[in-house]
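Asker: below are the sequence and a predicted model for it; my questions follow.
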Amino acid sequence: MIAVLFVSTAVRAQIVKTNQGVISFFSSAPLEDITAQTNKAAVAMNIYTGEIAIKIPMTTFDFPNKLMQEHFNENYVESHKYPFATFQGKINVAPITLKDSSRAVALGKLTLHGVTQDVEIAGSIVPLANAFRLQTRFFLFLEDYNIKIPALVSMKIAEKVQVDAWFNLK
Amino acid sequence: MRIVLAFLFFANLSYAQDLMQILDVETDSSTWVSATFKNTRVINAHSIETIAQKHLEFRISHRFGSVNSGYYELWGLDQSQIRWGLEYGITDRLNIAIGRSSFQKVYDSYIKYKLFRQRTGAQSIPVTITLLSVATVQTLKVNSALYPNYAFRNRLAYVHQIIIARKFSERYSFQVSPTVLHRNGVREGEGKNTILSCVGAGRIKFSKRVALNAEYFYVFPNQLPNIYQNAFSIGFDIETGGHVFQLHFTNSRSMVEKGVIAETYGNWEKGDVFYGFNISRMFSFRKK
């Protein structure tokens, strides 16, 4: 009985999570820079195995230009059809401890706009008081996720998008 | 101990697989419905859409002459009335605007507030409701011999509207708007001062950037003389990034509510309709 109790607390303690993960993206095209940010990404990580899952509600991306936001949801990522982007994978430095900052690579599947790609994302793990801070910057190409840019706006929307993300997991 | 280890291992495994399920429980699946209509206007009528905070929309609306005026007038294209407007989002829900129409030299101003927003998911709200109040001043010169004491107040008219809309699907949206129009001054043969009406308007999206809109202003009977018609309009919205182009046919000459409701005399059956063309451009004053 004691053993079972011990086990269940141990298991619970090995999952750290947040639902306030920050993800921003930036793209620069000849006529327009596009930037948007959400702080509603949900992230859960198993610190023993390094397994990690991320779920991003697409409509929570906030753009300074609201018309862009509407077009982002309606025309490009089609949030009504694909409301979430997800990542499921594993961080290569497990088990993860609260000792030192370390570079790490997450291998897994990124799903965006209904298209799943195998990706390798490099980042770092920074120990904070009672939390793990994961941060990364990487690039993705809209073409890989079947997000089409009409020729008419190709001067305004870049194919290559820089993504920054940071999560404080508790 | 071996059993405990086995259990621990099993629990680890199942938890790892369930990470995404943990997130599924934690993420709120309800989302606000956006883009019920492409624009703040369906055609003549306001839609439930409001302009976002610190965004300014500049609209230029054109209404040409009647299509049945023949080739001498190039089927109406020789004549054009214009309304321009500046419309601003104080908050995402509260908008104010000013406009000027060349037809009857009308200034208009409105205040618009989005009361409820449609929402899907766990805590759903079925409709979006927006309130609209418009005031107009008609500034045509009056014949002082005929009307020696024509008071300014006679030039004023007000429209109040409750707009209720639902986006039924990505393609199809519909709204109804019970409407009260009050005109301070009406001359003989112009009907009652206060006119009750209801507007029905819908859109079907053909593609990501093109939608078909239609709207009908139903004026309840026994308020206006028979020469006036209910306004019916049909048109397309074409969106190209920062601009929305609206092309339509309507039997209303006027582009402000009081005219559309109570001064529409064009008759669809006789081809007495007008071609209209609006352009709107949105500017954002938000810091990046």
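Answerer: Cool, got the structure. Numbering: from 1, shown residues only, chains lettered A, B, ... in the order given.

Asker: quick one: the helices in chain A?
Answerer: Assigned by DSSP state H, the helices in chain A fall at A:2-13, A:66-71.

Asker: weakest of those in terms of mean pLDDT?
Answerer: Lowest mean pLDDT within the helices of chain A: helix A:2-13, at a mean of 52.

Asker: not counting its neighbours along the chain, what's nearest A:Thr111?
Answerer: Nearest non-adjacent residue to A:Thr111, counting by CB to CB, 6 or more residues apart in numbering or on different chains: A:Thr86, 4.7 Å away. The C-beta positions use only the backbone N, C-alpha and C, and glycine is treated the same way.

Asker: surely the one you found touches B:Leu19?
Answerer: No. Counting by CB atoms under 8 Å, A:Thr86 does not reach B:Leu19; the two are 10.6 Å apart.

Asker: and stretch B:197-206, how far out from the chain's middle?
Answerer: A distance of 10 Å separates the C-alpha centroid of stretch B:197-206 from that of its chain, computed with CA atoms, centre = their mean, to the nearest Å.

Asker: no wait, stretch B:121-138
Answerer: Distance of stretch B:121-138 from its chain centroid, counting by CA atoms, centre = their mean, is 10 Å.

Asker: now do that stretch, average pLDDT.
Answerer: Averaging pLDDT along stretch B:121-138 gives 94.

Asker: do you have the strands of the chain handy? List them.
Answerer: Because you didn't say which chain, this covers chain A. Secondary structure of chain A, counting by DSSP state E: strands at A:15-28, A:33-46, A:51-57, A:84-91, A:102-112, A:115-128, A:131-141, A:160-169.

Asker: um, chain B though
Answerer: Ranges of strands within chain B are B:31-32, B:55-66, B:80-89, B:94-101, B:106-116, B:119-120, B:128-138, B:156-167, B:172-183, B:194-205, B:210-219, B:232-240, B:243-250, B:274-284, based on DSSP E.

Asker: across the sheet, point out what pairs with the residue nearest to A:Thr111.
Answerer: Counting by DSSP bridges, A:Thr86 is bridged to A:Lys55, A:Thr111.

Asker: likewise A:Val105?
Answerer: As for beta bridges, A:Val105 partners with A:Ala122 under DSSP bridges.

Asker: does B:Asn95 have beta-bridge partners, and which?
Answerer: For B:Asn95, the beta-bridge assignment (DSSP bridges) gives partners B:Gly89, B:Lys112.

Asker: so it versus B:Leu132, what's the distance?
Answerer: Relative to B:Leu132, B:Asn95 is positioned 9 Å away (CB to CB, to the nearest Å).

Asker: same thing with A:Lys148?
Answerer: Taking CB to CB as the measure, A:Lys148 falls 37 Å from B:Leu132.

Asker: just name the most buried of the strands of chain A.
Answerer: strand A:51-57 (a mean of 24; mean count of other CB atoms under 10 Å in any protein chain shown).

Asker: mind giving me the packing neighbours of that strand?
Answerer: Using 3 or more CB pairs under 8 Å, 6 or more residues apart in numbering or on different chains; DSSP states H and E, the elements in contact with strand A:51-57 are strand A:15-28, strand A:33-46, strand A:84-91, helix B:19-26.

Asker: okay, and the beta partners of the spatially closest residue to B:Ile204 that is not a sequence neighbour?
Answerer: Leaving aside its sequence neighbours, B:Ile204 sits nearest to B:Leu212 (CB to CB, 6+ apart; 4.9 Å). Residues in a beta bridge with B:Leu212, per DSSP bridges, are B:Ile204, B:Phe236.

Asker: count of residues packed around B:Leu212?
Answerer: When neighbours are defined as other CB atoms under 10 Å in any protein chain shown, B:Leu212 has 14 of them.

Asker: least trustworthy helix or strand in chain A by mean pLDDT?
Answerer: One helix or strand of chain A scores below all others by mean pLDDT, DSSP states H and E: helix A:2-13, with a mean of 52.

Asker: tell me the contacts of B:Arg41?
Answerer: B:Ser47, B:Arg59, B:Gln246, B:Asn278 (CB atoms under 8 Å, 6 or more residues apart in numbering or on different chains).

Asker: beta partners for it?
Answerer: Applying DSSP bridges, one finds that B:Arg41 bridges with B:His46.

Asker: hang on, the earlier thing: adding mean pLDDT and distance to B:Asn251, write the helices and strands packed on strand A:51-57 out as CSV.
Answerer: Output for the helices and strands packed on strand A:51-57, formatted as CSV (pLDDT from 0 to 100; distance: least, CB to CB, whole Å):
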stretch, mean pLDDT, distance to B:Asn251
strand A:15-28, 92, 46
strand A:33-46, 93, 42
strand A:84-91, 94, 46
helix B:19-26, 80, 52
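
Asker: coming back round to it: closest to B:Arg63 out of the strands of chain A?
Answerer: B:Arg63 lies closest, by CB to CB, to one member of those: strand A:33-46, at 35.7 Å.

Asker: quick one: list the elements packing against that closest one.
Answerer: Using 3+ CB pairs under 8 Å, 6+ apart: strand A:33-46 touches strand A:15-28, strand A:51-57, helix A:66-71, strand A:131-141, strand A:160-169, helix B:2-17, helix B:19-26.

Asker: now the stretch 101-250 of chain B against chain A: closest residue?
Answerer: Closest approach between the stretch 101-250 of chain B and chain A, counting by CB to the nearest CB: B:Lys208, at 4.6 Å.

Asker: surely that residue touches A:Phe72?
Answerer: No. Counting by CB under 8 Å, B:Lys208 does not reach A:Phe72; the two are 11.9 Å apart.

Asker: next, the contact list for B:Phe168, please.
Answerer: Counting by CB under 8 Å, 6+ apart, B:Phe168 makes contact with B:Phe174.

Asker: relative to A:Asn168, how far out is it?
Answerer: B:Phe168 is 40 Å from A:Asn168, by CB to CB.

Asker: and for A:Arg133?
Answerer: Noted for A:Arg133: a distance of 5 Å to A:Asn168, by CB to CB.

Asker: and for A:Asn19?
Answerer: In terms of CB to CB, A:Asn19 sits 11 Å off from A:Asn168.

Asker: same question for B:Ala151.
Answerer: From B:Ala151 across to A:Asn168, the span is 67 Å (CB to CB).

Asker: distance between the ends of stretch A:45-55?
Answerer: From its first residue to its last, stretch A:45-55 covers 12 Å (CA to CA, to the nearest Å).
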